[in-house]
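Trainee: sequence first, then the predicted structure:
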Amino acid sequence: MTGAGGVATLTGSAWARAALRYGVIALAILSFLLALRRSGERAGWLAERLETMENTYEAQRRMLEAAARRPRSRDDLAERLRGGSF
């Protein structure tokens, strides 16, 4: 007797319920691990981006400091060259 009655008893059996329960647990664990991996990748990407931004800001700061120390005119440049402090 195969038919709708056979399928109903198969899904209603204790073995099928246990298999379904373990399947759902496995799916939940897999989903959690994939989300954790994605979160880790995102954190790594953000850390790399932060490091790049820090390097960029450091270079800009050094350029601004150098610009602040530059001679303001040709006369200032000549004085520095004569004084040997260039």
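Mentor: Nice, I can see it.

Trainee: what's in contact with stretch 75-86?
Mentor: Identification of contacts with stretch 75-86 by Cβ atoms under 8 Å, 6 or more residues apart in numbering yields residue 71. All C-beta atoms are positioned from the backbone trio N, CA, C, and that covers glycine.

Trainee: and what about residue 76, helix, strand or coil?
Mentor: Secondary structure, DSSP: H, G, I helix; E, B strand; the rest coil: residue 76 is helix.

Trainee: er, residue 45 I mean
Mentor: Following three-state DSSP, we place residue 45 in the helix state.

Trainee: quick check, pLDDT for it.
Mentor: What the model reports as pLDDT for residue 45 is 96.

Trainee: what about it, neighbour count?
Mentor: Close neighbours of residue 45, defined as other Cβ atoms under 10 Å, add up to 10.

Trainee: before we move on, what about the one 3 residues further on?
Mentor: Residues within reach of residue 48, counting by other Cβ under 10 Å, total 10.

Trainee: pull out the buried residues from stretch 48-59.
Mentor: Judged by neighbour count (16 or more other Cβ atoms under 10 Å), stretch 48-59 contains no buried residues.

Trainee: now residue 25: which helix or strand?
Mentor: Per DSSP states H and E, residue 25 falls inside helix 14-69.

Trainee: which other helices and strands contact that helix?
Mentor: With contacts defined as 3 or more Cβ pairs under 8 Å, 6 or more residues apart in numbering; DSSP states H and E, helix 14-69 has no helix or strand neighbours.

Trainee: let's go with 10 Å and repeat that
Mentor: Here helix 14-69 touches helix 4-12, going by 3 or more Cβ pairs under 10 Å, 6 or more residues apart in numbering; DSSP states H and E.

Trainee: average pLDDT for the helix it packs on?
Mentor: 57.

Trainee: what do you get for stretch 58-67?
Mentor: Stretch 58-67 comes out at a mean pLDDT of 95.
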